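> Build me a structure from this.
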Amino acid sequence: MDFDEYQKLATRTALFDTDDKTFQLMYLCLGLAGESGETIEKVKKVIRNHKGAISDETRDNLKKEMGDVLWYLSQISRILDVPFSQVADANIKKLADRMERGVIKSEGDTR
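Numbers count the residues shown, from 1 in each chain. Below you'll find the predicted structure:
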């Protein structure tokens with residue numbers, strides 16, 4: 001499945017009580033923060049409780065959380081009228097450029 005197909009299929013479950021795009025964007029960003037936090041919490045507990053050893057159950061749970069993060073990202077992209085494939089493509093190009101210039105391990109968005 002490609003990113004745009006995923007975005008299209010994910011949109012079928014994007015139900016809002018309002019057509020207000022600003023409200024939808026805020027809701028989606030809050031959801032992204034929540035799901036990202038859940039992912040981080042699961043990793044924290046792996047470190048705290050299991051010294052970094054990831055069980056099959058934890059891997060499956062992380063896969064579910066990453067899917068939720070992906071859903072929110074796809075819908076934020078949709079609200080912004082950006083095909084999800086363009087988000088992925090732009091990120092790969094940005095990272096390749098940083099690698100080529102030797103700044104992949106640096107800090108800052110404009111490196």
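> which residues of this protein fall in helices?
In order along the chain, the chain carries the following helices (DSSP state H): 3-11, 21-50, 56-79, 84-101.
> Buried residues of the shortest one, list them for me.
Looking back up the chat, that one is helix 3-11. Neighbour-count burial for helix 3-11, counted by 16 or more other Cβ atoms under 10 Å, picks out 3, 6-7, 10. Where C-beta positions appear, they are placed from N, C-alpha and C, glycine not excepted.
> Out of the residues you listed, which comes closest to residue 37?
Within the buried residues of helix 3-11, proximity to residue 37 (Cβ to Cβ) peaks at residue 10, which comes in at 20.1 Å.
> Can you tell me the number of residues neighbouring the closest residue in space to residue 35 that isn't next to it in sequence?
Residue nearest to residue 35 in three dimensions, not counting chain neighbours: residue 68, with 4.1 Å by Cβ to Cβ, 6 or more residues apart in numbering. Using other Cβ atoms under 10 Å, residue 68 is surrounded by 16 other residues.
> Averaged over its residues, which helix or strand of the chain has the lowest pLDDT?
For the chain, the helix or strand with the lowest mean confidence is helix 84-101, at a mean of 95 (criterion: mean pLDDT, DSSP states H and E).
> on contacts alone, who are the packing partners of it?
Secondary-structure packing of helix 84-101 (3 or more Cβ pairs under 8 Å, 6 or more residues apart in numbering; DSSP states H and E): helix 3-11, helix 56-79.
> Redo these as CSV? Include distance to residue 93 and mean pLDDT.
Formatted as CSV, the helices and strands packed on helix 84-101 follow (distance: least, Cβ to Cβ, whole Å; pLDDT from 0 to 100):
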stretch, distance to residue 93, mean pLDDT
helix 3-11, 14, 98
helix 56-79, 16, 98
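> Export those helices to TSV and append columns for distance to residue 109.
Supplementary listing: the helices and strands packed on helix 84-101 in TSV, determined by distance: least, Cβ to Cβ, whole Å:
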stretch	distance to residue 109
helix 3-11	22
helix 56-79	17
